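Novice: Coordinates for the following, if possible.
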Amino acid sequence: MSRETENVAILKETYRLWHESKAGSVDHWLNLMTDDVKFRSLAEGTMPLDITKVAQSKNDVKRYFAGLTSD
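Specialist: The predicted model follows:
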């Protein structure tokens, strides 16, 4: 299996887990990231929403996902 095929399979599985958990678990996403990940929103903080700010770490990304599912 090529590296590209492996990466596609990993992402498909990650999306499947995300869907099945109804966004309740982000561990499968976090496991794909390095500790110093740079995670950006298309809005890049231009809107008054915390979820649009640039995430600078896994913990920031975890907060981002929590913000998506909070009321």
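Novice: buried sites along the longest helix along the chain?
Specialist: Ranked by residue count, the top helix of the chain under DSSP state H comes out as helix 3-20. By neighbour count on 16 or more other Cβ atoms under 10 Å, the buried set for helix 3-20 is Trp18. Where C-beta positions appear, they are placed from N, C-alpha and C, glycine not excepted.
Novice: Return the list of helices and strands in contact with it.
Specialist: With contacts taken as 3 or more Cβ pairs under 8 Å, 6 or more residues apart in numbering; DSSP states H and E, helix 3-20 sits against helix 27-30.
Novice: List the buried residues for the helix it packs on?
Specialist: Across helix 27-30, burial judged by 16+ other Cβ under 10 Å covers Trp29.
Novice: ok now do Ala9, which residues does it touch?
Specialist: With contacts defined as Cβ atoms under 8 Å, 6 or more residues apart in numbering, Ala9 is in contact with Met1.
Novice: Kindly report the same for Ser2.
Specialist: For Ser2, the contact set (Cβ under 8 Å, 6+ apart) is empty.
Novice: about what we covered before: what is the mean pLDDT for the longest helix of the chain?
Specialist: The pLDDT scores in helix 3-20 average 95.
Novice: just how off-centre is it within its chain?
Specialist: On the basis of Cα atoms, centre = their mean, to the nearest Å, helix 3-20 sits 13 Å off its chain's mean C-alpha point.
Novice: Can we start the residue count at 43 from this point?
Specialist: Sure, I'll start counting at 43 from here, so that last one is helix 45-62.
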